[in-house]
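Colleague: What would the 3D arrangement of this be:
(2 chains)
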Amino acid sequence: MMDFILPAIVIGPVLIGLLSFLFPRKMQWILFFLTNIVLLGAVFYIRDRQNLFFLFELSYFPVNKLTMGMAYSQLGWFFLAISTVATLLFSAFSVGFNDKKHATAIAPLWLILVGASNGIFMAHDWLWFFIVWESMSWTSLLIIGHGRNKSFKAGIFYYLLSLAGTFALLMSIWLIFRHTGNFEIGSGILFLAQASVRAPFYALVVLALFTLAFFTKSALFPFHMWPSLAHAEAPDDFSAYLSGIMIKYGIFGLLLVVIPVFAASPLHAFKAVSGVPLPLYFTGWISAVTAAWGTIMAIFSSDMKKLMAWSTVANVGYIGAALSTGTSLGYAAALFHTANHMFFKGAIFASLAAVKYRTGEREMHKLGGLAYVMPVTFITFLLGIIAAAGIPPLSGFASKWMIFQALFERKLVFQSTMIFFASTGAFLYLFRALHTVFLGQLPRRFAKVKEVGPFMSFSLIGLMVLMLIPGTAPGTLLKPINSVLGSMGFEQVKTGWFFVQGSTTAIDGGITTFAFVLAVAVVFLLFVLGGKKKKVEMLDNYTSGETPEDWNLTEERYHYGNKFYQPIEVLFKWVPLGAVEEKYRQFGNSLVRLGNLIHDFFQGHSAWGWQLVAGIALLIGLGVM
Amino acid sequence: MSNINGLLSLKLLGFSFLSMSVGLLFMGLGRKVTARIQRRLGPPFYQAFLDVFKAFSKSSITHNYVMDLGIIMSLGGLIATAFFIPFAGYAVLGSSSIVIILYLMSIGYLGMAMGVSASGNPNATIGISRALALMLGYEIPIVMIVMAMMLTYGSSDLLTFATAQQGGFANWHIFKYPLGFLAIEISFQAMLGEAPYDHMIAPAEIASGPMVELSGKYLGIGFLLHAVQLYVETGLIVNLFLGGASTWYVFLLKQFAVYFTSMCINAVMARYRIEQGIAHLWKYAGTLALLQLFITRLGVF
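Modeller: This is a model prediction of the structure:
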């Protein structure tokens, strides 16, 4: 059915974004928020309308008649739905965040980005996919840069990696197009699956190029360093979007192309290790390494936004590992964790933005004690890290558990060990962030800090609800995921609203939550029955009999926050953690050298001499002289 | 979800008191054991109960609401974990997934860490930072061993592991996974925070670490936390390696045997430095567990 609702979802925000350049900043943000409300309605309106499409023909194209446009797919809709819900909450946050003091001019660009993002999820063919993919890349570059020098540098780094990915994408699209003569995604997948038997090398190259493109976007090894730069330098309220939604485009791409090819190709097409096709086995290991690497880097970060950016890298590693198992349980786990990560990382970044909004501070050890003055922000952050650490009964546990089940099903125990290491490490760095920002001593200069306003609080509370529900009732997300799996021809996961069947055991989110609530109730009763308590000042501490006034003790000095995990840093001294970055730098230097060489040729001291020699050589070569 | 009813709530209530009292009993007996090794008489075996009652009856200080929240969350989380440990072959919730147990335990630690960090005393936070760093050392070996068993049985349910060892002494996993057992014994010492891995409390060094600002009922909950931790962790080892048990007293005896071993080691060891501790755990427990996992993986191929 040809319908104009799809272009409305995709091109609508872009047009509104362009239009909103004309408005004053305050209006831009309100327009941004309102657009997202409308989008949410539209997205849920098109739910399950399988045959929805909007295509147009390019008759002037030199090759032959080509159609390009958007079409509904269950996979795309799932990504569209979760990203729209998250974006709406982020936009509510931004409306509150961008007051006179903090306003950035990114709202129109952000609207364009939302349109491009919706376009990616609703792509019908490679031509369209590539166009919206590129628009997404450059819009995000402008947003990350947002007119600041340091931010722009980070943005350029991000864009260069993206560009490498885009070239890979273009190349692979062209390699398919050369043989199939059209840009349709579905026929391309079928062609690749057939090619995997007839011309395995060709199929592998194309798949590798696709994987490269999507790995750069999702920051998997060896492209793991861009989030720590880009997320940290991006506008604070945008970091949530960047980390929650934009990092998932690569995951979406993998699910769109690479996974279906492996699923559609005959069993004997690829060598298999423990049931996993060899290429996927490698990507699984790359993902596991990414998870561990991101975790170690996060443990060492002292900038709170960088820390969370590394944590995002680690989480994408989990998702990649789940995808690489090549089982339907793995795909379900990957989709589930994608959604959960969107919400909990969104919550974490939003609460950190709230902290920065009130304090203007980014170095964790300069903060402290904010839980006592910003309770809503604190609880959001707390639930966020509980979910991120994969602790029941919050959402992160259910999806991490499924990731482990997928790995166990394939008996990938060593990858699981790696992921488990990352997961334990996550607990370390998340607690560090919790302590240094929200607990401990509250510096006197922040004593009068207040909770954030109603818009931001609304957004934070909404994100909290989205973390709580899928933990207790995983079915709320797993049922839509099942219909995605069904539409892609995969086996569905056995799930009820509360119950999920894994490969080695089953969990029941309802019972886990019930047990936890009951246990807490028992302890609360004990706590109430116990003796009276008296509230004392924060500095009224046990100090081994010394009087703190004697050594001019201030709250800042009494806050244990810097070099929090020094013993672990000592242990990891021998690991070359910056090695990949160093290689990139060397590559960059070589490029500069090459550039200088060419520069000399045209503008150096003896440029005319070289040019003369080259000209004569050219003439000789052409046979003129 | 369907089997949540009044009866289950009552059973869970029973199990929460069971876990606390078993742990407290062990703590008292443990002090007795240490005393006898040091040729002292030691306190009576029910001393821990007295301590807790006393702590709860005294008045206490708090610094803020986060401290209350954290301390309640910690014991609550750990008791919830105890519900998942099969007791003498009986899993009260009908499920004993090892992944849930390992992750749910963390909420106990998180609660404790949060509560004492909110007290604002740097000694407490240093203790927590050490405890978490050590966690990176002992969790990985434990997970590897669990995965070795999971490879054998195709299940990650603790009760399955326990029932698989029925039918006599020779079926115990100690003999099937000897390297794994050694690894988990080392890790267990660190998990409990006993010497040589007692960095977290380190009394002479950091003023008892996390406990420094706890008083009255907060301290009481701290004691109970350690008690439930004992119940959970000894229960884990008994179910994993010592064949579980079909009767409650055999189960308790086996649990105590595990704790007894740990107390004996604790009584004669000195403390490592913290980074030595982690390195030691990786080097010994980690290698043993990795070997065990390799052997099992090769057997399964």
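
Colleague: my hunch is that A:Lys411 is in a strand, does that hold up?
Modeller: No: using DSSP: H, G, I helix; E, B strand; the rest coil, the assignment for A:Lys411 is coil, not a strand.

Colleague: I'd say it and B:Gly154 touch.
Modeller: No: using Cβ atoms under 8 Å, A:Lys411 is not in contact with B:Gly154, being 9.2 Å away. Placement of C-beta: from N, CA and C, glycine included.

Colleague: neighbour count winner among these two?
Modeller: Using other Cβ atoms under 10 Å in any protein chain shown as the criterion, A:Lys411 and B:Gly154 rank with A:Lys411 on top: 20 against 14.

Colleague: list the contacts for residue 262?
Modeller: The chain I'm using is chain A. Going by Cβ atoms under 8 Å, 6 or more residues apart in numbering or on different chains, A:Phe262 touches A:270, A:277, A:279-280, A:326.

Colleague: look at chain B instead
Modeller: B:188-189, B:192, B:194.

Colleague: which SS state does A:Leu55 fall under?
Modeller: Quick answer, by three-state DSSP: A:Leu55 is strand.

Colleague: For it, name its beta-bridge partners.
Modeller: Following DSSP bridges, A:Leu55 is listed with bridge partners A:Gly69.

Colleague: What about the closest residue to A:Ser239 other than its chain neighbours, how many residues nearby?
Modeller: Nearest non-adjacent residue to A:Ser239, counting by Cβ to Cβ, 6 or more residues apart in numbering or on different chains: A:Phe349, 4.6 Å away. Residues lying near A:Phe349 (other Cβ under 10 Å) number 31.

Colleague: Same question for the one 10 residues further on.
Modeller: Residues within reach of A:Thr359, counting by other Cβ under 10 Å, total 17.

Colleague: Enumerate every residue touching the closest residue to it other than its chain neighbours.
Modeller: The spatially closest residue to A:Thr359, leaving aside those adjacent along the chain, is A:Phe446, at 5.7 Å (Cβ to Cβ, 6+ apart). Neighbouring residues of A:Phe446 by Cβ under 8 Å, 6+ apart: A:358-359, A:367-370, A:373.

Colleague: Where does the stretch 151-300 of chain B get nearest to chain A, residue-wise?
Modeller: B:Lys217 (3.1 Å; Cβ to the nearest Cβ).

Colleague: can I assume that residue sits in a helix?
Modeller: Yes: checked against three-state DSSP, B:Lys217 lies within a helix.

Colleague: Look up how far B:Phe56 lies from the nearest residue to it once chain neighbours are set aside.
Modeller: Leaving aside its sequence neighbours, B:Lys217 sits nearest to A:Gly530 (Cβ to Cβ, 6+ apart; 3.1 Å). Going from A:Gly530 to B:Phe56 by Cβ to Cβ, to the nearest Å gives 4 Å.

Colleague: quick one on the thing from earlier: the residue nearest to A:Thr359 and chain B, how far apart?
Modeller: To chain B, A:Phe446 is 14 Å away according to Cβ to the nearest Cβ, to the nearest Å.

Colleague: Toward the C-terminus from the helix or strand containing A:Thr87, list the very next helix or strand.
Modeller: Using DSSP states H and E, the element containing A:Thr87 is helix A:74-97. Downstream of helix A:74-97, the next assigned helix or strand under DSSP H and E is helix A:107-121.

Colleague: and the angle for the helix or strand following that next one with helix A:107-121?
Modeller: The first helix or strand that comes after helix A:107-121 along the chain, using DSSP H and E, is helix A:126-145. Counting by axes from the mean of the first three to the mean of the last three Cα atoms, to 10 degrees, helix A:126-145 lies at 150 degrees to helix A:107-121.

Colleague: Can you name every helix or strand that the strand or helix carrying B:Ile79 contacts?
Modeller: Assigned by DSSP H and E, B:Ile79 falls within helix B:65-84. In terms of contacts (3 or more Cβ pairs under 8 Å, 6 or more residues apart in numbering or on different chains; DSSP states H and E), helix B:65-84 is packed against helix A:509-529, helix B:6-37, helix B:98-117, helix B:216-241.

Colleague: can you put these in a markdown table and add mean pLDDT and distance to A:Leu612?
Modeller: A markdown table is the format used below for those (pLDDT from 0 to 100; distance: least, Cβ to Cβ, whole Å):
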| stretch | mean pLDDT | distance to A:Leu612 |
| --- | --- | --- |
| helix A:509-529 | 89 | 78 |
| helix B:6-37 | 90 | 90 |
| helix B:98-117 | 88 | 73 |
| helix B:216-241 | 91 | 82 |
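
Colleague: In JSON lines: those helices, plus distance to B:Ile61 and mean neighbour count.
Modeller: What follows is the helices and strands packed on helix B:65-84, written out as JSON lines (distance: least, Cβ to Cβ, whole Å; neighbours: other Cβ atoms under 10 Å in any protein chain shown):
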{"stretch": "helix A:509-529", "distance to B:Ile61": "14", "mean neighbour count": "20"}
{"stretch": "helix B:6-37", "distance to B:Ile61": "24", "mean neighbour count": "18"}
{"stretch": "helix B:98-117", "distance to B:Ile61": "13", "mean neighbour count": "26"}
{"stretch": "helix B:216-241", "distance to B:Ile61": "8", "mean neighbour count": "25"}
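
Colleague: Can you say which of these is nearest to A:Phe157?
Modeller: Taking Cβ to Cβ, helix B:98-117 is the member of those nearest to A:Phe157, at 34.8 Å.

Colleague: which is the next helix or strand following that closest one?
Modeller: Assignment by DSSP H and E places the next element after helix B:98-117 at helix B:122-153.

Colleague: what is the rounded mean pLDDT of that next one?
Modeller: Averaging pLDDT along helix B:122-153 gives 88.

Colleague: Also stretch B:74-87?
Modeller: Computed over stretch B:74-87, the mean pLDDT rounds to 91.

Colleague: what do you get for stretch B:277-286?
Modeller: 90.

Colleague: SS state for A:Asn257?
Modeller: Actually, residue A:257 is Val. It isn't Asn. Secondary structure state of A:Val257, per three-state DSSP, is helix.

Colleague: Now do the contacts for it.
Modeller: Applying Cβ under 8 Å, 6+ apart, we find A:Val257 in contact with A:185, A:188-189, A:210.

Colleague: Counting only strands, which of the residues you listed make the cut?
Modeller: When the contacts of A:Val257 are checked against strands using DSSP state E, none is located there.

Colleague: Save these as JSON lines, and put in neighbour count and distance to A:Asn589 too.
Modeller: Formatted as JSON lines, the contacts of A:Val257 follow (neighbours: other Cβ atoms under 10 Å in any protein chain shown; distance: Cβ to Cβ, whole Å):
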{"residue": "A:Ile185", "neighbour count": "19", "distance to A:Asn589": "39"}
{"residue": "A:Gly188", "neighbour count": "24", "distance to A:Asn589": "38"}
{"residue": "A:Ile189", "neighbour count": "20", "distance to A:Asn589": "40"}
{"residue": "A:Phe210", "neighbour count": "25", "distance to A:Asn589": "30"}
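
Colleague: Show the pLDDT at A:Leu463.
Modeller: pLDDT, A:Leu463: 90.

Colleague: Point me to the helix or strand that includes it.
Modeller: helix A:454-472.

Colleague: close to chain B, is that helix?
Modeller: No: under the criterion of Cβ under 8 Å from any Cβ of the partner chain, helix A:454-472 makes no contact with chain B; the nearest approach is 9.3 Å.
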